[in-house]
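> here is the input, now give the coordinates:
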Amino acid sequence: MRIGSRLRAVCAAAALAVSLSVGSATADPMVSPQAQDLVGVGAQTSQGLLNQLAIDYNASLGTGSTAPHLYSWDATGTSPITTKTGATTILRPDGAGAGVRALAGNAGATVDFARSDRAPLPTDPHGLDFVPLARDAVTWSAQVNGNAPTQLTVDQLAAIYRCEITNWSWIDPSLPDATIKPFLPQVNSGTRAFFLAAIGVTAPGQCVTTGPEENQGTDSGLGDPDVVFPYSVGHYLGQTVGGHSTQGDAPGSLSLRSIVYGTVTLAPVSNNRINVDLANSAFGRVIYDVVRDGEWSANDAHGQALQAIFGPDGWICNDPVAAADIQSYGYLTTPACGVETLT
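This next block holds a predicted model:
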């Protein structure tokens with residue numbers, strides 16, 4: 001069935017709230033980080049959360065502290081960038097894949113960690129630690145007043161992205177006779193890689209359009225009534241319920257839809273949080289901070305600073321302010337916080 005009026009009203013209200021809110025933590029560093037500070041680049045999904053964590057961690061150090069501070073550069077913006085004092089100027093990394101490559105290709109004088117919204121891949125450089133930060137889930141989205149149904153099965157999603165199902169009426173004769181418009185985020189997106197793996201698609205079909213930033217519902221290409229686009233549930237909740245949407249980081253008129261997984265219909269949201277059942281399915285994921293293993297394991301000032309922030313005994317994994325930030329930005333905390341996986 002097509003999306004009902006009740007859902008349209010709820011989504012419209014959410015969109016209105018988003019249009020009136022201004023996120024305070026989605027921005028590049030407001031000061032020039034010093035050489036000893038820890039700076040990160042990479043995934044768009046977790047950039048707002050990392051920016052807020054940086055603000056609150058730095059505040060916890062106290063005024064005048066000479067300890068290494070935490071900073072994070074957004075996935076998009078002017079490029080190239082000089083991440084901190086003494087750094088090599090680099091092209092701005094856009095997405096998890098680009099962030100991981102920037103981490104592997106530069107020393108700590110330029111990049112200290114990468115934001116990643118996907119797990120390690122066999123193609124990733126060796127010697128990197130993927131350190132869990134929080135839990136998320138990914139579903140699909142469509143226009144509030146569009147032609148898409150309220151739910152699709154995993155097989156239907158796979159067929160759409162293989163271009164084997166190209167018309168809504170092929171799914172249900174009661175749906176409009178209209179061509180489906182599947183979209184994917186840009187190629188370095190961790191959300192793209194995760195979603196395709198979750199639906200079992202290795203090579204999207206030629207009907208699929210690649211290009212929008214992940215979780216950017218205001219992209220002009222996504223305004224079509226027949227669009228289908230993967231979306232981070234946590235990021236969507238941060239944009240809407242958390243009020244962290246900005247002009248360049250908002251869902252627009254996209255709404256999240258359910259996935260039929262086996263015999264179970266998994267709604268993306270329950271009580272304004274990520275549906276735990278979805279998070280525990282193949283569509284649940286961990287978001288990470290990625291560091292170099294040699295620095296993570298070192299007993300020097302740099303290694304100690306990394307552990308003090310990202311480690312299992314560090315600030316993010318234990319401070320209630322950090323936990324509140326994770327919830328405010330739509331994500332779930334994880335008991336695996338800070339426990340690394342080595343590539």
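
> any idea what residue 39 is structurally, helix, strand or coil?
Assigned by DSSP: H, G, I helix; E, B strand; the rest coil, the conformation of residue 39 is strand.

> now residue 317: closest residue in space, sequence neighbours ignored.
Spatial nearest neighbour of residue 317, excluding adjacent residues (C-beta to C-beta, 6 or more residues apart in numbering): residue 337 at 3.8 Å. C-beta here means a position set from N, CA and C on the backbone, and glycine is covered the same way.

> what's the pLDDT at that neighbour?
Looking at residue 337, its pLDDT reads 98.

> just confirm residue 136 contacts residue 279, I think it does.
Yes. Between residue 136 and residue 279 there is a contact at 7.5 Å, judged by C-beta atoms under 8 Å.

> and the strands in the stretch 201-343 of the chain?
For the stretch 201-343 of the chain, the strands defined by DSSP state E, counting those that start in this stretch cover 209-210, 227-232, 254-261, 264-266, 269-270, 273-274, 284-292, 341-342.

> and the nearest residue to residue 303 once chain neighbours are set aside, how many neighbours?
Excluding the flanking residues, the one nearest residue 303 by C-beta to C-beta, 6+ apart is residue 295, at 5.5 Å. The number of residues packed near residue 295 is 20, by other C-beta atoms under 10 Å.

> check residue 258 too.
As a measure of burial, residue 258 has 19 neighbours, counting by other C-beta under 10 Å.

> isn't it right next to residue 264, touching?
No. Under the criterion of C-beta under 8 Å, residue 258 makes no contact with residue 264, lying 10.0 Å away.

> and residue 114, what does it touch?
Contact analysis of residue 114 by C-beta atoms under 8 Å, 6 or more residues apart in numbering lists 40, 41, 42, 43, 93, 96, 99, 100, 102, 103, 289, 290.

> for the helix or strand hosting it, what does the pLDDT average out to?
Following DSSP states H and E, one finds residue 114 within strand 113-116. Averaging pLDDT along strand 113-116 gives 98.

> ends of stretch 91-101, how far apart?
Using C-alpha to C-alpha, to the nearest Å, the end-to-end distance of stretch 91-101 comes out at 11 Å.

> and for stretch 242-257?
From its first residue to its last, stretch 242-257 covers 19 Å (C-alpha to C-alpha).

> count the neighbours of the nearest residue to residue 338 once chain neighbours are set aside for me.
In this structure, residue 338 finds its nearest non-sequential neighbour in residue 312, 3.4 Å apart by C-beta to C-beta, 6+ apart. If you count neighbours by other C-beta under 10 Å, residue 312 ends up with 16.

> from what I see, residue 260 and residue 153 are in contact.
Yes. Using C-beta under 8 Å, residue 260 is in contact with residue 153, at 4.2 Å.

> overlap in contacts of the two?
By C-beta under 8 Å, 6+ apart, no residue touches both residue 260 and residue 153.

> contacts only, for the residue lying closest to residue 124 once chain neighbours are set aside.
Spatially, and ignoring its direct neighbours in sequence, residue 124 is nearest to residue 343 (4.9 Å; C-beta to C-beta, 6+ apart). Residues counted as contacts of residue 343 (C-beta under 8 Å, 6+ apart) are 120, 124, 125, 126, 127, 128, 129, 130.

> separate out the buried members of the residues you listed.
Neighbour-count burial (16 or more other C-beta atoms under 10 Å) is assigned, among those, to 120, 124, 128, 129, 130.

> could you check the pLDDT of the first one?
What that stands for is residue 120. 96.
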